[in-house]
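**Q** Please find the sequence and the predicted model below.
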Amino acid sequence: MTAAYVALEGGHVLEARGRAPGTARGELVFTTAYTGYEESLTDPSYEEQILTFSYPLIGNYGVREERFESDRVHPRAVLAKELTEDVADWLASEGVPAVDRLDTRDVVTDIRDSGAMKCGIAVGEDVTEEDALAELEACKAMSEHTEIGEQVSVDEQTTYGADNDGETVALVDCGAKGSIVDSLLARNATVHVLPHDASAHDVDALEPDVLFISNGPGDPANYENAIDLVQNFAEETPVAGICLGQQIVAEALGGATEKMTFGHRGVNQPVLDLESGQVVMTTQNHGYTVAEPGDHLEVTQINVNDDTPEGLDGVDYDIITRQYHPEANPGPEDTLDFFDDVLAMADARATTAVPADD
Ligand SMILES: NC(=O)CC[C@H](N)C(=O)O
């Protein structure tokens, strides 16, 4: 019989049914998404986290590689009320421990009351509560993962859509979801995916129409290089950002970010556009938020539930960012026009730019 223990910050240990073996530790969070487990589990933004699904049955339409957002599972472990065989086998093959048959309503309530917390997990034939507690003991706070960008970024620059004749995008990969690249390619852009530690010279060499900062895991303050790039280019090149990208842009331009209690993770987060008065349903996955936009940015969209900034525009520079995931996958596709807006911003700048000479 496989034993399974989940040790929560504070030392409380839950027993569950083991579905994929191993030991792990991470920040315990939950998503309310009721579909899209293939996309969520391969979203690099979940690196160093343990993901609880609040929806009770996960896996009822199988596991298909074409839905993956990256080439591996990123959460360190998975908790659910009931996992299908398909998902349990997939997680086992990826070496990601998984448990079910625990009361995820209790786990979610606990996270809502106490905030995202450290967690240790042990699943296997011979594991004990002490193994889960030892993982908990070794668990670091999210902000202490200072090299997290390195864990999820590409090692080398890669170009997609070289033959496209639309805008040229320099996408700084801090853990980018594949759908961001796909959304840009579908709009005829050429996308150069750059490592998170790319230099200003690397970006310059591409003569991009837009510098785009991706989503990604962890504390935005730990992406010093990407922050520097935004500072370097904001004046001369249009800038866009999604999720971590919005946070990095705010950090770079005199704003500030802060950790939320338990964050927003789900596919039905309502966002109000302050100019049009329209509310859209969005996909979200973040534990930090912009606390202060600073003088160079203004808030254009807010979360209806808690008023946190969901969209920023440049005051004196060409900048558009979103805290949610306009690329969807999972979730509603109501916000794909963000990519049209970013490319239109880049195009407008390119066509009004004054040639240097002649
Ligand atoms: N999806 C993301 O880009 C997440 C951004 C950041 N790591 C956060 O938790 O807020």
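**A** Done, it's in. Residues are numbered from 1 along each chain as shown.
**Q** just the strands in the stretch 151-300 of the chain please.
**A** For the stretch 151-300 of the chain, the strands defined by DSSP state E, counting those that start in this stretch cover 158-160, 168-173, 190-195, 210-213, 239-242, 256-273, 279-292, 297-303.
**Q** and the stretch 101-250 of the chain, which of its residues are near the ligand?
**A** Residues of the stretch 101-250 of the chain lying near the ligand by CB under 6 Å from any ligand atom: N215, G216, P217, G218, C243, L244. Placement of C-beta: from N, CA and C, glycine included.
**Q** and the longest helix for the chain?
**A** helix 337-352 (DSSP state H).
**Q** quick one: that helix to chain centroid distance?
**A** Distance of helix 337-352 from its chain centroid, counting by CA atoms, centre = their mean, to the nearest Å, is 24 Å.
**Q** Next, the angle strand 168-173 makes with it.
**A** Relative orientation of helix 337-352 and strand 168-173, computed by axes from the mean of the first three to the mean of the last three CA atoms, to 10 degrees: 130 degrees.
**Q** who does helix 337-352 touch, helix- and strand-wise?
**A** For helix 337-352, the packing partners by 3 or more CB pairs under 8 Å, 6 or more residues apart in numbering; DSSP states H and E come out as helix 178-185, strand 210-213, strand 239-242, strand 319-322.
**Q** can we see that at 6 Å?
**A** Contact analysis of helix 337-352 by 3 or more CB pairs under 6 Å, 6 or more residues apart in numbering; DSSP states H and E lists strand 319-322 as its packing neighbours.
**Q** Could you see whether the ligand lies near the strand it packs on?
**A** No - contact of strand 319-322 with the ligand (CB under 6 Å from any ligand atom) is absent, the minimum separation being 10.3 Å.
**Q** what does that strand contact?
**A** Here strand 319-322 makes contact (CB atoms under 6 Å, 6 or more residues apart in numbering) with V239, A240, G241, I242, Q246, V249, G311, L312, D313, F338, D341, V342.
**Q** That one pairs with which strands, and in what direction?
**A** Strand 319-322 pairs in its sheet with strand 239-242 (parallel), strand 309-314 (antiparallel), by DSSP bridges.
**Q** List the buried residues in it.
**A** By neighbour count with 16 or more other CB atoms under 10 Å, strand 319-322 contains the buried residues I319, I320, T321, R322.
**Q** okay if I get these as a markdown table plus pLDDT?
**A** Supplementary listing: the buried residues of strand 319-322 in a markdown table, determined by pLDDT from 0 to 100:
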| residue | pLDDT |
| --- | --- |
| I319 | 98 |
| I320 | 98 |
| T321 | 98 |
| R322 | 98 |
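**Q** between those, which is nearest the ligand?
**A** Nearest to the ligand among these: R322, at 10.3 Å, using CB to the nearest ligand atom.
**Q** what bridges to that closest one?
**A** Beta-bridge partners of R322, as defined by DSSP bridges: I242, G311.
**Q** Per-residue pLDDT of the residue nearest in space to the middle of the chain, please?
**A** Centroid-nearest residue in the chain: S45, 3.4 Å away (criterion: CA atoms, centre = their mean). Per-residue confidence at S45 stands at 98 (pLDDT).
**Q** Pull the distance from stretch 150-165 to the chain's centre.
**A** Its chain's C-alpha centre and that of stretch 150-165 lie 18 Å apart, by CA atoms, centre = their mean.
**Q** so where's the stretch 151-300 of the chain uncertain?
**A** Filtered on pLDDT under 70, the stretch 151-300 of the chain yields no residues whatsoever.
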